[in-house]
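Chemist: Give the three-dimensional model of this entry:
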Amino acid sequence: MTSRSLGGMKEGLSYLGLPNFPLTFIPGQQLKLCGYDLREEINEMIHAWMTDEKDLFYDRLGQIKKVCEKPILTEEDFELYGGDRSEWTKTTGPDGKAQYTKRGADAAGAAAQGDDDDDDDEVVDV
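Modeler: Got it, this is the predicted structure:
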């Protein structure tokens, strides 16, 4: 994850038990996982690990896992998805484009993300 490469990010997510699809990653700019902008949350989690704040690290990891349980797929991601398509519902996203969510999933994932302001205390900027 700290290598700041797509391969490194996918590998790090896998080690943490997190999904790595769908993933949009531009080092230092964007980290979108399962349809959610989780860049700040993942930066905070890495910072907690590097500063030996293990309780905070595991708290953030749990929050990220919870958000990822309710993925939002774009039309393109849905075409690549190899699972049971009957468990997904097609809706229209805020940008007017089609998106897919699992049946029973709601917007609670977005609410679990915390605030969106930049933190100057970041150790690693993924």
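
Chemist: helices and strands of this structure: which one has the lowest mean pLDDT?
Modeler: Within the chain, no helix or strand scores below helix 108-111, which has a mean of 43 by mean pLDDT, DSSP states H and E.

Chemist: Figure out how far the helix ranked longest in the chain is from the centre of its chain.
Modeler: With DSSP state H applied, the helix covering the greatest number of residues in the chain is identified as helix 54-68. Here helix 54-68 shows a centroid-to-chain-centroid distance of 11 Å under the convention CA atoms, centre = their mean, to the nearest Å.

Chemist: Then stretch 37-44?
Modeler: The answer for stretch 37-44 is 8 Å, by CA atoms, centre = their mean.

Chemist: Relative to G35, how far out is P94?
Modeler: For P94, the distance to G35 equals 12 Å [CB to CB, to the nearest Å]. All C-beta spots, glycine's among them, are computed from the backbone N, C-alpha and C.

Chemist: pLDDT weak spots in the protein?
Modeler: When the per-residue scores of the chain are filtered using pLDDT under 70, the ranges that remain are 105-126.

Chemist: which residues in it form helices?
Modeler: With DSSP H as the definition, the chain shows helices at residue ranges 6-15, 39-50, 54-68, 75-80, 108-111.

Chemist: Rebuild the ones you listed as JSON lines, extending it with distance to F21 and mean neighbour count.
Modeler: Written out in JSON lines, the entries for the helices of the chain read as follows (distance: least, CB to CB, whole Å; neighbours: other CB atoms under 10 Å):
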{"stretch": "helix 6-15", "distance to F21": "9", "mean neighbour count": "15"}
{"stretch": "helix 39-50", "distance to F21": "16", "mean neighbour count": "20"}
{"stretch": "helix 54-68", "distance to F21": "10", "mean neighbour count": "16"}
{"stretch": "helix 75-80", "distance to F21": "7", "mean neighbour count": "12"}
{"stretch": "helix 108-111", "distance to F21": "16", "mean neighbour count": "13"}
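
Chemist: Dump these into TSV; add distance to T101 as well.
Modeler: Written out in TSV, the entries for the helices of the chain read as follows (distance: least, CB to CB, whole Å):
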stretch	distance to T101
helix 6-15	21
helix 39-50	20
helix 54-68	13
helix 75-80	10
helix 108-111	9
